[in-house]
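> Sequence and predicted structure, then a few things I'm wondering about:
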Amino acid sequence: PPPRGGGGGASAARSRSALSVRMAGEGEGKKKTMERPLGDNIITQAIYTVEMARVKLMSEKPSEENNNWSGEPREWAEDSSVAQKVSELSQVGPFASFKQWIASSIAGDYDAASINGRIDSALAGSPVVMFSFTTCPFCLKSKQLLLEEIGMDPSKLKVIECDEDEEGNAIRAELGKRTGRTSMPSVWVQGAGYLGGCNDGPGLVPLNKEGKLVPMLEAAGAFPRQKIFGLF
């Protein structure tokens, strides 16, 4: 399955940053461009192309029965699915390192300080932040859990769709460096920090089953203001 935490695949939007590294020219004070190794570019392009083809091939066809969902199979997001089990195995050891390499390679060169500043700004500006992919069934399930089942205030949830954001690949790469996981969704709650994805890391679903998620959301102010004696 695609490299998502609690689910997911490579971002559908390539970073617009050039795949080059600038370094100061010796003696002349001029800047020269040093391209990434050819092998690196070829491997990255191949992985990206194959992943995008896989996502397209596996995606559901929109219909009234699936609420016009056009992403990857929704059953993948079940905690007992094969996709989930494979995802869990890919979060540790050399598999996790390989996924980070893929994420960083696809992102290309970017301003890490700027990207991290954007991540920090998002985390500071909303009680709950979810970095997501629009085609990811794990992301869909996480949104449904928070908004429909638990009933948190939609205005308290900031969703950044990394496959639609021009900096999405770079954001995913930096999130991987922070958390050790490049998977999507990547869910954060103020006061509690990083909660992982849908089913693992520890994950929204397990936390909810254990009765821990709602208190975290309440402490972060993620629910509508309670009415006082029905007057407010």
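Sure, I can see it.

> which stretches of the chain have low pLDDT?
Residues of the chain that meet the criterion pLDDT under 70 lie in 1-45, 47-48, 51-52, 226-232.

> Mind checking what secondary structure the residue positioned nearest the centre of the chain has?
Closest residue to the average C-alpha location of the chain: M184 at 3.3 Å, with C-alpha atoms, centre = their mean. Here M184 takes the coil state, with states given by DSSP: H, G, I helix; E, B strand; the rest coil.

> Quick check: it touching L140?
No: using C-beta atoms under 8 Å as the test, M184 is too far from L140 to be in contact (10.9 Å). Quick note: C-beta positions are derived from backbone N, CA and C, even for glycine.

> Now the phi/psi pair for A124, please.
When quoted as degrees, to the nearest 10, the phi and psi of A124 stand at phi -80, psi -20.

> Could you shift the numbering so residue one becomes 620, and keep it that way?
Okay, residue one is now 620; in that scheme the one you just asked about reads as A743.

> A838 touches K831, doesn't it?
No: in terms of C-beta under 8 Å, A838 does not count as a neighbour of K831; the distance is 11.0 Å.

> So what's the residue count around the closest residue in space to S745 that isn't next to it in sequence?
When the adjacent residues along the chain are set aside, S745 lies closest to K777, with 3.8 Å between them (C-beta to C-beta, 6 or more residues apart in numbering). In terms of burial, K777 registers 15 neighbours under the definition other C-beta atoms under 10 Å.

> show me the contacts for K777.
Listed by C-beta atoms under 8 Å, 6 or more residues apart in numbering, the contact set of K777 reads A741, G744, S745, V747, V748, M749.

> what helices or strands is the strand or helix carrying the last one leaning on?
Assigned by DSSP states H and E, M749 belongs to strand 747-751. Under the contact criterion of 3 or more C-beta pairs under 8 Å, 6 or more residues apart in numbering; DSSP states H and E, strand 747-751 touches helix 756-763, strand 776-780, helix 787-798, strand 805-808.

> at 7 Å what do you get?
Using 3 or more C-beta pairs under 7 Å, 6 or more residues apart in numbering; DSSP states H and E as the contact definition, the elements that strand 747-751 packs against are strand 776-780, strand 805-808.

> neighbouring strands for the longest one, and are they parallel or not?
This means strand 776-780. Within its sheet, strand 776-780 is paired with strand 747-751 (parallel), according to DSSP bridges.

> For the strand it pairs with, which outside residues touch it?
741-742, 758, 761, 765, 771, 775-781, 790, 794, 803-808, 836, 839, 841 (C-beta atoms under 7 Å, 6 or more residues apart in numbering).

> Just the buried subset of those, please.
Applying 16 or more other C-beta atoms under 10 Å to the contacts of strand 747-751, the neighbour count classes 741-742, 758, 761, 765, 771, 775-776, 778-781, 790, 794, 803-808, 836, 839, 841 as buried.

> Burial check on S682, number of neighbours?
The local packing of S682 (other C-beta under 10 Å) involves 10 other residues.

> Then F714?
By other C-beta under 10 Å, the residues close to F714 number 13.

> could you pull out the helices for this structure?
In the chain, the helices defined using DSSP state H lie at 657-677, 701-708, 712-726, 731-744, 756-763, 787-798, 823-828, 832-839.
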